[in-house]
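In: just to be clear, the model below is a prediction. Sequence and coordinates:
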Amino acid sequence: MSSFQPVKNDTFLRALRREPTEYTPVWLMRQAGRYLPEYRATRAKAGNFMGLCTNPEAACEVTLQPLDRYKLDAAILFSDILTVPDAMGLGLYFEEGEGPKFERPLTTEDDVAKLAVPDIGSSLKYVTDAVSTIRGALGGRVPLIGFSGSPWTLACYMVEGGGSREFRKVKTMLYKRPDLMHRILEVTTEAVSQYLRAQIEAGAQAVMIFDSWGGALADGAFQKFSLNYIRKIVASLPLQANRGSFTEDIPSIVFTKGGGLWLEDIASTGASAVGVDWTVNLGQARARIGDRCAIQGNLDPNVLFAEPAQIEAEVAKALESFGVPQAGAGHVFNLGHGISQFTNPESVEVMVNAVHSYSRKQRQ
Ligand SMILES: Cc1c2[nH]c(c1CCC(=O)O)Cc1[nH]c(c(CCC(=O)O)c1C)Cc1[nH]c(c(CCC(=O)O)c1C)Cc1[nH]c(c(C)c1CCC(=O)O)C2
């Protein structure tokens, strides 16, 4: 039994390939999440967030929830970037209202020496099972995006033991013991490469690398400790997947939050698209890299707290800034970071519909 169906709405994939589209495709980072009452209901049934992630049927249900409400052009696997360090034995847990934490962060030289690539096929089977369940349930409606954290972003959580503002521990290690830092990044790079390849094999039609904390690094350190490892991962990914009766291209997206200064460097990884946050001017980004890579982004998620007319105006501003994507350029509309849990679900509908209708008008 094959659950692979070719995709019907391939607007997102065509934009990533920088081919012409009738309108600008749109999806939202964290589109399945706490701002949706139906998500909160499913999460309550599953007990907690990791209960959702580890149950492929529940993960599938919440992945599809935003697609049933909005005309989104892509689905994203419901999971978390921290499943990889959890599989490495660090013991992921979530404290209510405090975000993710690790029971066994990497604190000593010995911890780092013992770190090893986990057996992805067994320890992260719940993720690849979720991917194939979701791909089957989508029935080709829209493409399914798989994802991972960047090695540097994962290392931030692994060394700090949770979220951080100053990154004191992880940056101390980076400057004082770069050998230890590189070892963590090497092991994590291999784990992430295998993990993304497993997601592609299970049915993911595009992959995204979240480098959420790349922007916390100094110029020079960013290229050495984050980008070089992302480059290795992108190089390890297959460009196509064989689905039995057909093959499909597998584009990749690299999103470095706060990476606006380094767009050319990020584009040079060979990724199909560069994700940008709201500090970046889309027109300037296009001029800098738009003939090498597609661009994804970049509305400030806080725009969604304004009135519908203001949301529509901000969407139009972003689309005008990019301009009409002629062949050779590609734009995927998104937020510049994950949607806030305090967002009114109706505002998302206003945004998605505004992206579609305004970008169609632009092309007339
Ligand atoms: C840094 C990071 C994490 N996770 C992720 C990142 C990179 C993107 C970014 O920078 O935001 C990525 C992520 N996390 C989640 C997804 C699912 C797919 C999607 O809809 O985009 C994705 C792609 C679900 C989630 N991951 C998490 C939630 C909230 C869980 C809940 O309480 O229901 C969701 C929906 C938990 C999580 N997981 C993480 C944090 C910091 C938190 C707490 C966030 C919060 O409290 O708002 C780590």
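Out: Sure thing, it's come through.
In: which parts of stretch 186-197 are buried?
Out: Buried residues in stretch 186-197, defined by neighbour count with 16 or more other C-beta atoms under 10 Å: 187-197. Every C-beta, even on glycine, is put in place using the N, C-alpha and C of the backbone.
In: now swap in stretch 270-283 and tell me
Out: 271-278, 280-282.
In: what residues does the chain put near the ligand?
Out: Counting by C-beta under 6 Å from any ligand atom, the chain comes close to the ligand at 29-34, 43, 49, 76, 78-82, 99-100, 147, 163, 210, 212, 338, 341.
In: same thing but at 5 Å, please
Out: 29-33, 49, 76, 80-81, 99-100, 210, 212, 338 (C-beta under 5 Å from any ligand atom).
In: and the gap between the residue of the stretch 151-300 of the chain found nearest the ligand and Asp265?
Out: In the stretch 151-300 of the chain, the residue that lies nearest the ligand is Ser212 (3.1 Å; C-beta to the nearest ligand atom). Distance of Ser212 to Asp265, computed by C-beta to C-beta, to the nearest Å: 17 Å.
In: then Val7?
Out: In this view, Val7 and Asp265 are 31 Å apart by C-beta to C-beta.
In: repeat that for Ala41.
Out: 43 Å.
In: pLDDT on stretch 75-92, on average?
Out: Averaging pLDDT along stretch 75-92 yields 98.
In: quote the end-to-end distance of that stretch.
Out: 25 Å (C-alpha to C-alpha, to the nearest Å).
In: list the buried residues of it.
Out: Result for stretch 75-92 [16+ other C-beta under 10 Å]: buried residues 75-88, 90, 92.
In: before we move on, what about stretch 200-220?
Out: Residues 200, 202-217 are the ones in stretch 200-220 that count as buried (16+ other C-beta under 10 Å).
In: in strands, which of these appear?
Out: Counting by DSSP state E, the members of those that fall within strands are 206-211.
In: how about these in CSV, adding pLDDT?
Out: Conversion of those to CSV gives the following (pLDDT from 0 to 100):
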residue, pLDDT
Ala206, 98
Val207, 98
Met208, 99
Ile209, 99
Phe210, 98
Asp211, 98
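In: report how many residues lie close to Glu349.
Out: 15 (other C-beta atoms under 10 Å).
In: so, low pLDDT: which residues of the protein?
Out: Residue ranges of the chain with pLDDT under 70: 1-3.
In: tell me which residue is most central in it.
Out: Met208 (4.4 Å; C-alpha atoms, centre = their mean).
In: list the contacts for that one?
Out: Residues near Met208 by C-beta atoms under 8 Å, 6 or more residues apart in numbering: 76, 145-147, 252-255, 275.
In: now Val355
Out: 23-24, 26, 315, 319, 333.
In: now these as TSV including secondary structure?
Out: Output for the contacts of Val355, formatted as TSV (DSSP: H, G, I helix; E, B strand; the rest coil):
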residue	secondary structure
Tyr23	coil
Thr24	coil
Val26	strand
Val315	helix
Leu319	helix
Phe333	strand
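In: list only buried entries from those.
Out: Of those, these count as buried by 16+ other C-beta under 10 Å: 23-24, 26, 315, 319, 333.
In: that older thread, and of the residues of the chain next to the ligand, the nearest to Gln326?
Out: Closest approach to Gln326 among these (C-beta to C-beta): Met29, at 26.5 Å.
In: check the secondary structure at that closest one for me.
Out: Met29 ends up coil, using three-state DSSP.
In: ok, back up a step: how close does the residue of the stretch 151-300 of the chain closest to the ligand sit to Lys257?
Out: 5 Å.
In: same thing with Cys60?
Out: 28 Å.
In: and if you look at Val187?
Out: To Lys257, Val187 is 23 Å away according to C-beta to C-beta.
In: what do you get for Val352?
Out: Taking C-beta to C-beta, one finds Val352 at 22 Å from Lys257.
In: can you give me phi and psi for Ile145?
Out: Dihedral angles of Ile145 (phi, psi; degrees, to the nearest 10) stand at phi -90, psi 130.
In: quick one, what contacts Leu64?
Out: Leu64 sits next to 75, 134, 137-138 when contact means C-beta under 8 Å, 6+ apart.
In: mind listing the helices for the stretch 251-364 of the chain?
Out: Using DSSP state H, counting those that start in this stretch, the helices found in the stretch 251-364 of the chain span residues 263-267, 282-289, 308-322, 345-362.
In: the helices in the stretch 1-150 of the chain, which residues?
Out: 11-16, 37-46, 49-54, 56-69, 83-85, 109-114, 120-123, 125-138.
In: list the helices and strands the third one packs on?
Out: With contacts defined as 3 or more C-beta pairs under 8 Å, 6 or more residues apart in numbering; DSSP states H and E, helix 49-54 has these neighbours: helix 37-46, helix 56-69, strand 92-95, helix 125-138.
In: could I have the CA atoms of the last one written out in CSV?
Out: Below are the C-alpha coordinates for helix 125-138, written out as CSV (Å, rounded to 0.1, in the frame of the first residue of the first chain):
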residue,chain,number,x,y,z
LYS,A,125,10.1,6.4,14.6
TYR,A,126,7.2,8.3,16.0
VAL,A,127,8.1,11.3,13.9
THR,A,128,8.6,9.4,10.6
ASP,A,129,5.3,7.5,11.4
ALA,A,130,3.6,10.9,11.8
VAL,A,131,5.0,12.1,8.5
SER,A,132,3.6,9.1,6.6
THR,A,133,0.3,9.3,8.4
ILE,A,134,0.0,13.0,7.6
ARG,A,135,1.1,12.5,4.0
GLY,A,136,-1.6,9.9,3.6
ALA,A,137,-4.3,12.0,5.2
LEU,A,138,-3.5,15.0,3.1
